[in-house]
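[1] Structure for the following, please:
(one chain, ligands or ions: 1)
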Amino acid sequence: MKVIPKDNVIYAFSPGMKPVAHVHAGETVQFETLDALGGQIQDEADVMNLDFSKVNPATGPIYVEGTKEGQTLVVEILDINISSDRGVIVAEEGFGVLKNVVKGFKAKILPIRDGHVIFNDLSIPIRPMIGVIGVAPEREEFPTGTAHKHGGNMDTKEISIRSKIHLPIFQDGALFALGDVHAVMGDGEVCVSACEVPATVTVKIDIEDRTIEWPIVETEENVYVLVSLPKLEDALEEATRVAVKMISEARKLSFEEAYMLASLIVDVGVSQLVDPNLTAKAKIPKRYLV
Ligand code: CA
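    Below you'll find the predicted structure:
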């Protein structure tokens, strides 16, 4: 199995990224990832010296042989292994949902024991997920902290063990990278960060001969259309539009009928409210798409 070491990091997804390894469809690959703060906060006082140019590292990118623009990359998440006995969470003035209320810049170290994150006297079950996951975009470069059609910092808790993420391919070879694992996170990621941890992520890479507009996460029961845009209302509308289109095509329904059906079976929600582009998700139970 190929291993992509954690010193191969990018801070932006760009159309012309240089790959650090080449893989074939069907191959299993392991990515070693740094935490979203680049491992710079080991002590709660370290926030004072944080170098923001080393925030949101993603490991990669890898070139997937034989992939072309217009196809879809399918990445099955086989395992997410947290490689530390503690994580870190930060809250900063000017960031997060309550950006005008929070004061200063604070960090908290969170021990991780026996599958739980320890927050003071509380013990929270871990639910590891990948915050940043994506491919080379179509034209413009996106910092790894920003999500869009290529994926990126979608901070979606369903991007977890055993799920598959489908990403639109814009460049030959796809140029895939991932990072920013969270031990646990709630929808919204309200304070701007989660339990940020370094990890080893094992994935299986495949290709599909279909074109998608936005990333899609597939779990055992559901698919989630993930749309990331500067305004939440626009992201919710676009996620709904894509979900209705998928239902219309799968069930061979008119737009109006698919729209009505969506009103009965689709759950529209929020992945995160705190990154430069906000991520909405539209959940469709898979049984209605066959
Ligand atoms: Ca993130």
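
[2] check which helix or strand covers the residue of the stretch 101-250 of the chain found nearest the ion.
    Of all residues in the stretch 101-250 of the chain, Gly131 sits closest to the ion, at 3.4 Å by CB to the ion. Where you see a C-beta, it was placed from the backbone N, CA and C, and this is true even at glycine. For Gly131, the element it lies in under DSSP states H and E is strand 129-134.

[3] now that strand: mean pLDDT?
    For strand 129-134, the mean per-residue pLDDT is 98.

[4] Next one, pLDDT for Glu233 please.
    On the pLDDT scale, Glu233 gets 98.

[5] Which residue comes closest to Val268 once chain neighbours are left out?
    Spatial nearest neighbour of Val268, chain neighbours left out: Ala282 (5.1 Å); criterion: CB to CB, 6 or more residues apart in numbering.

[6] residues from the stretch 101-250 of the chain in reach of the ion?
    Gly131, Asn153, Asp155, Asp180 (CB under 5 Å from the ion).

[7] what's the burial count for the first one?
    Here the count is done by other CB atoms under 10 Å, and Gly131 has 32 residues near it.

[8] was I right about it contacting Ala183?
    No: using CB atoms under 8 Å, Gly131 is not in contact with Ala183; the gap is 11.2 Å.

[9] how about the residues of the stretch 101-250 of the chain next to the ion in TSV, adding distance to Ile169?
    Listed next are these as TSV, based on distance: CB to CB, whole Å:
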residue	distance to Ile169
Gly131	21
Asn153	19
Asp155	22
Asp180	21
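
[10] Top of those by number of neighbours, please.
    Most surrounded of those: other CB under 10 Å gives Gly131, at 32 neighbours.

[11] Let me know the pLDDT of the residue lying closest to it once chain neighbours are set aside.
    Leaving aside its chain neighbours, Gly131 sits nearest to Asp180 (3.3 Å; criterion: CB to CB, 6+ apart). Looking at Asp180, its pLDDT is 98.

[12] Same question for Met48.
    86.

[13] cool, and the one 3 residues further on?
    According to the prediction, Asp51 has pLDDT 94.

[14] Is stretch 274-287 positioned near the ion?
    No: using CB under 5 Å from the ion, stretch 274-287 stays clear of the ion, coming no nearer than 6.4 Å.

[15] Packing partners of the strand holding Gly131?
    strand 58-64, strand 72-82, strand 151-153, strand 164-168, strand 176-182 (3 or more CB pairs under 8 Å, 6 or more residues apart in numbering; DSSP states H and E).

[16] Alpha carbons of that strand, as PDB, please.
    The C-alpha trace of strand 129-134 is given here as PDB (Å, rounded to 0.1, in the frame of the first residue of the first chain):
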ATOM      1  CA  MET A 129     -14.300  12.700  10.100                       C
ATOM      2  CA  ILE A 130     -12.300  14.400   7.400                       C
ATOM      3  CA  GLY A 131     -12.600  18.200   7.200                       C
ATOM      4  CA  VAL A 132     -10.600  18.900   4.100                       C
ATOM      5  CA  ILE A 133     -10.900  16.600   1.100                       C
ATOM      6  CA  GLY A 134     -10.800  17.500  -2.600                       C
END
